[in-house]
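**Student:** whatever this is, show me its structure:
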Amino acid sequence: MKVVRGGDTSVTDFFASKTRAPLGEKFLPIVTAETEKVSLAAKYNAVASKGSTFGLIKPEDANVEQYVTRKALDGLLFMIGQEEKKIRADPVGHRQRDPEGRVRAGTENPRAVPRTGMVQADRPVSAVPSQSVRESSKISADGSETA
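**Tutor:** Below is the predicted model of the structure:
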């Protein structure tokens, strides 16, 4: 319940607490492969590790690959948190838009529940009540009430 009724980013905070380490393990090899393409990364790590021994750089910032991975996750979780804030502010009206500006949420599923709360049928819904409804409410096939 704490996650649902918590602060503006309580779901994101919970998600981060459970997934930051595993996501970091997945991100780090990708970041390492990309930073190895730039020879500056090895030079930075050598200088930064010396700087961290003198207290000039935080130890967690002495490795460029880990730093970039951490900042990438910070950015990802920040963006998720921003979306969570929007959803919490307007749970029904919040919709995602694609690059062309079309609403994406709920459009993929033809049986999605519309705002009226009624489930869409697989077949067209008749405006004329069914026989059982007509009998129970005394409504004729043309929709007029009978005595």
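
**Student:** ok, Ala48 touching Asp61?
**Tutor:** Yes - with contact defined as CB atoms under 8 Å, Ala48 and Asp61 form a contacting pair (6.9 Å). Where C-beta positions appear, they are placed from N, C-alpha and C, glycine not excepted.

**Student:** so the two - more neighbours on which side?
**Tutor:** Taking other CB atoms under 10 Å, Ala48 and Asp61 do not tie; Ala48 has more neighbours (19 against 14).

**Student:** need the contact list for the more buried one.
**Tutor:** Ile57, Asp61, Ala62, Asn63, Val64 (CB atoms under 8 Å, 6 or more residues apart in numbering).

**Student:** which of the residues you listed are buried, as a PyMOL select command?
**Tutor:** In PyMOL, this line selects whichever of the contacts of Ala48 come out buried by 16 or more other CB atoms under 10 Å:
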select buried, resi 57+62+63+64
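
**Student:** residues contacting stretch 25-40, please?
**Tutor:** Contacts for stretch 25-40 (CB under 8 Å, 6+ apart): Ala41, Ala42, Val64, Glu65, Gln66, Val68, Thr69, Ala72, Leu73.
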